[in-house]
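Asker: What follows is a predicted protein model with its sequence.
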Amino acid sequence: MLNRKVLVLNQNYEPLTISTVKRAIILMYSQKVEMVEKYDAVIHSVSTSMPCPSVIRLHSYIHKPFREVALNRKNIFRRDQHTCQYCGKNNRPMTIDHVIPKSYGGKDTWENLVCACLVCNSKKGNQTPEMAGMKLLKKPAKPSRLFYLQVLAGRPHPTWKRYLFIF
């Protein structure tokens, strides 16, 4: 139970990171955080019992500079949820496709790279989607700053959803 995930919020309720119950309890006893949400479990020690924290909030604001999301294969697959952006299938081998091919001036950017199944990528070839008669299911974009936390959270506890803007 001490290794369960705990969402850590800044003083202004902005999500900062994900920690463990053990670390959250240490921060609570050192009076650096307050418990905002709790799990349905109780933690017992020799002398006391306390609710198991699910979400904690720092008492003082921490300035954390925005960390860019790394542009790599793994994060493109995560952003696109391992789903082909042309046919919508997710049960096929996947690759990365340049929406505008490099031969037409396409760059390696969040807005030009998408997850594509091998069938669609071969069909599109070295063409733009319009030239190949294909349409993107959604326009590719750079992930938001909550991307890492949402990925780390996986299937978050229901008490986290309002802080991670997952509905």
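Answerer: Arrived safely, thanks for sending.
Asker: you'd agree Tyr148 is up against Glu68?
Answerer: No - the criterion here is Cβ atoms under 8 Å, and Tyr148 misses it with Glu68 at 10.4 Å. Every residue, glycine included, has its C-beta placed from N, CA and C.
Asker: ok, these two, which is more surrounded?
Answerer: Higher neighbour count among Tyr148 and Glu68: Tyr148, with 18 against 9, using other Cβ atoms under 10 Å.
Asker: Quick check: that one vs Arg67, distance?
Answerer: The gap separating Tyr148 from Arg67 is 8 Å, by Cβ to Cβ, to the nearest Å.
Asker: Check Gln31 too.
Answerer: Gln31 is 28 Å from Arg67, by Cβ to Cβ.
Asker: next structured bit after the strand ranked longest in the chain?
Answerer: In the chain, with assignment by DSSP state E, the single longest strand is strand 33-44. For strand 33-44, the following helix or strand on the C-terminal side (DSSP states H and E) is strand 49-58.
Asker: Show me which residues of that next one are buried.
Answerer: Cys52, Pro53, Ser54, Val55, Ile56, Arg57, Leu58 (16 or more other Cβ atoms under 10 Å).
Asker: what's in contact with the helix or strand just after it?
Answerer: Of the helices and strands lying after strand 49-58 in sequence (DSSP H and E), the nearest is helix 73-79. The contact list for helix 73-79 (Cβ atoms under 8 Å, 6 or more residues apart in numbering) reads Val69, Met94, Ile96, Trp110, Leu113, Val114, Cys115, Pro140, Pro143, Phe147, Val151.
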